[in-house]
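Peer 1: For reference, the sequence and a predicted model appear below.
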Amino acid sequence: MSPVGGPGDRDADAVRIFLTAVLVYLLFVNPMIPNSVTGALLDGAASLVDTGRWEVRYAASYGGIDVAAAGDRLVPGPPPGLAVLIVPVYAVWRLVAGPVRGAADFVALHVAATIVVAAVASALAAVEVAAMARRLGASAWASRASALVFAFGTPAFPFATRLFKENIAALGVIAAWRLAREPGSAGRRAVAGVVAGLAALVAYPAALAGIVLTLAIVRLEGVRRALAFVAGWACGLGLLAAYNTWLFGRPWRFSYGAFTSLPEGASRASFVLPSPGVLVQLLFAQREGLLLYSPFLILGVLGLCLWRRHQSPVEAATVGAFTLALVAVSAAWLTQFPSTATGARYGFLAVPLLAAFAAVGLDHFGRRALIVLGLPSVVLTYLVVQAGHIADPAPLAYAAKTFVSGTGMGVVFKEVLPRHLGLDTLHTLLGRREVTGADVPALLLTPRGWRLAANQLVMLLVFAGAVATVWAVLRRVWKPAGAARLQPAP
C-alpha cells in the first residue's frame, strides 16, 4: 500500500474533516456538566482568574468529589492541564459576562469551554487520525472514512459535546505519536516528547505513551534520537513533578492520594491486580463499553495485525503495547471502584491510534467492513449523544426511548430551548417522573396533547433547519473533492 494524493490534497482533507466534525458537534452541545471531574476543573480555573489562588470554592455543588486537600486549601483533584486550558476561556468570559457568582454560573462557562476546547480537540484528533493513516500507507478514502468514524462513531463525539479531559489528552498522544514517527530531525523528536509530557498533565495515563514511544525510537532510530524525545518528555513530566511538590510535598505524590473522598468509601488510592470482570466491563459493559459502542475499533486491531505482518512490526507492537498497558492500568485502578468502570473514559487515549490503523484494515477488507463495523458505531454513538446525561441503569434502552420521545433532536433543541422559551413538549412532559409512555396515546386525544405535539413539531423544525444549514455548508466544503474525481484523465 502507498499513500495516494499530494500534500495539497491532504491539507484540503484536513480542513474538511475538521469543519465537518466541529459543525456537527455544535448541533449536539450538551450544557449539563458531565461529572465532578469537570466541575472541579471549571472551579479551579475560575478561582485562579478571580482570586489568583489555585483552589476550589464551590466543591459542595458537585458533592465534594474529585477534590484534594493540599494543606489548608482544597484544590482540583484531577491533573491541572485541562484547567489551564480553561483559564483563557474564562478570562474572556469574565470580561463579557462577569465573574461566576455561584455553581449555576458554571453551566454557561461549561458550554463556552466545551465549544472552544472539547469540540476543537476532538475535531483536531480526527484530523490527526487521517494524517497518521496516510503515513501508514492507507488510501485517501480509507483515511477519510476512519477519521470520520472516529469523529462520530467513538467516544470522541460525546467528549466533544461536553467537557472531558480524555479527548484533550488523546489529542496530545496521537500528535506526539505522529511527530515521533514521521521523518525529521532530533529537534522534531524533542517536540514530540514535550507534547507527550504535556498530555500527562491532562490525564496521568498518557505518560504510558512516552514510555512505549521511547522504546520504539530506540529500536528504530537509535539512542540519540530517543534521548532527544526523552529530554522533551521530561519537560512536561517535570512540570507535573513541580506541581506535585508544590501542593503535596513530593514529586511522586499525586493528588489522588489526597482526595477528600473517593468512590466506594475508599480512603486511599492503591494499586491492585486488575479484575477480569472490570476488564470485561471496560470493553463490553452496557455503560460505555468501548467495543460494544464502537465495534469499528475491532478493525483497528485487525489493522495492527496486518501492519505487523506486512510493514513495520515495531510500530504495530508499540501501539498494541500502549493499548494493552492502558487497559491493564485502568482496570487495576478501577478494580477498587467497580461501579465507576467506564471504557469510554479510561480507554480512550488509545482510540485515535486504533482508528488510524483501522484505515489499514479498511483497505484490506473493503467498504463492506465500513458498513458492518463503522455504521453500527455511528448509530450507537449518536443514540448516546442525543440522549444527553444517562443516569439510567440500562443506558441503551434509555437512549432508545429518548430518541423516540425527543424525535432524534439534540439536548439543546429538545430540552434547553423549550425550557427557556416556556414551551412544554411531549418530550419535556415525559421527562416528569409521574408520566409514562403509556399515558401519551390518551393525552394526544386531548387539546393539551395536541398543543404539546405542536410545540414539539416547532422544535423539530428548528432542529431540522439547523441540520439543513450544516448540511448545505458541508456539501460546499466537500464538493471540490467530488468534482476532482469526475474530471477526465489527461
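Peer 2: Sure, I can see it.

Peer 1: tell me, how many neighbours does residue 315 end up with?
Peer 2: 21 (other Cβ atoms under 10 Å). Quick note: C-beta positions are derived from backbone N, CA and C, even for glycine.

Peer 1: Please list all residues in contact with it.
Peer 2: Applying Cβ atoms under 8 Å, 6 or more residues apart in numbering to residue 315 gives the contacts 181, 216, 220, 307.

Peer 1: ditto for residue 168
Peer 2: 81-82, 85, 117-118, 121, 202-203.

Peer 1: one more time with 6 Å
Peer 2: 82, 121, 202 (Cβ atoms under 6 Å, 6 or more residues apart in numbering).

Peer 1: Phi and psi next, for residue 393.
Peer 2: Main-chain dihedrals, residue 393, degrees, to the nearest 10: phi -70, psi -20.

Peer 1: residues of the helix or strand that contains residue 299 that come out buried?
Peer 2: Taking DSSP states H and E as the definition, residue 299 sits inside helix 296-310. In terms of neighbour count (16 or more other Cβ atoms under 10 Å), helix 296-310 has its buried residues at 296-304, 306-308.

Peer 1: Could you look up the SS state of residue 253?
Peer 2: Following DSSP: H, G, I helix; E, B strand; the rest coil, residue 253 is assigned to coil.

Peer 1: Name the residues that touch the worst-scoring helix or strand of the chain on mean pLDDT?
Peer 2: Within the chain, confidence by mean pLDDT, DSSP states H and E is lowest for helix 440-443 among all helices and strands, at a mean of 74. Among residues not part of helix 440-443, those counted as contacts by Cβ under 6 Å, 6+ apart are residue 449.

Peer 1: Now it: buried residues?
Peer 2: Buried residues in helix 440-443, counted by 16+ other Cβ under 10 Å: 440, 443.

Peer 1: pLDDT on the following helix or strand past that helix, on average?
Peer 2: Sequence-wise, the next helix or strand downstream of helix 440-443 (DSSP H and E) is helix 447-486. On average, the pLDDT along helix 447-486 is 86.

Peer 1: and if you look at stretch 42-52?
Peer 2: So the average pLDDT for stretch 42-52 ends up being 95.

Peer 1: coming back round to it: so which of the contacts of residue 315 sit within helices?
Peer 2: 181, 216, 220, 307 (DSSP state H).

Peer 1: tell me the strands in this structure, going along the chain?
Peer 2: 67-70, 73-76 (DSSP state E).

Peer 1: and the residue nearest to residue 332 when sequence neighbours are not counted, what does it touch?
Peer 2: Using Cβ to Cβ, 6 or more residues apart in numbering and skipping the chain neighbours, the partner closest in space to residue 332 is residue 274 (4.5 Å). For residue 274, the contact set (Cβ under 6 Å, 6+ apart) comprises 328, 331-332, 335.

Peer 1: Just the buried ones out of the ones in helices among the contacts of residue 315, please.
Peer 2: 181, 216, 307.

Peer 1: Relative to residue 192, how far out is the second one?
Peer 2: It refers to residue 216. Distance from residue 216 to residue 192, counting by Cβ to Cβ, to the nearest Å: 11 Å.

Peer 1: go on, the first one?
Peer 2: In this structure, residue 181 and residue 192 are 8 Å apart, going by Cβ to Cβ.

Peer 1: What's the local residue count around residue 115?
Peer 2: By other Cβ under 10 Å, 18 other residues sit near residue 115.

Peer 1: Pull up the gap between it and residue 162, please.
Peer 2: 11 Å.

Peer 1: With residue 472 instead?
Peer 2: 27 Å.

Peer 1: Who has more neighbours out of the two?
Peer 2: Legend: neighbour count by other Cβ under 10 Å for residue 472 and residue 162, higher for residue 162 (25 against 10).

Peer 1: ok, the more buried one - contacts?
Peer 2: Taking Cβ under 6 Å, 6+ apart, one finds 30, 34, 114 in contact with residue 162.

Peer 1: Near the second one, how many other residues are there?
Peer 2: Residue 34 is surrounded by 19 other residues when neighbours are defined as other Cβ under 10 Å.
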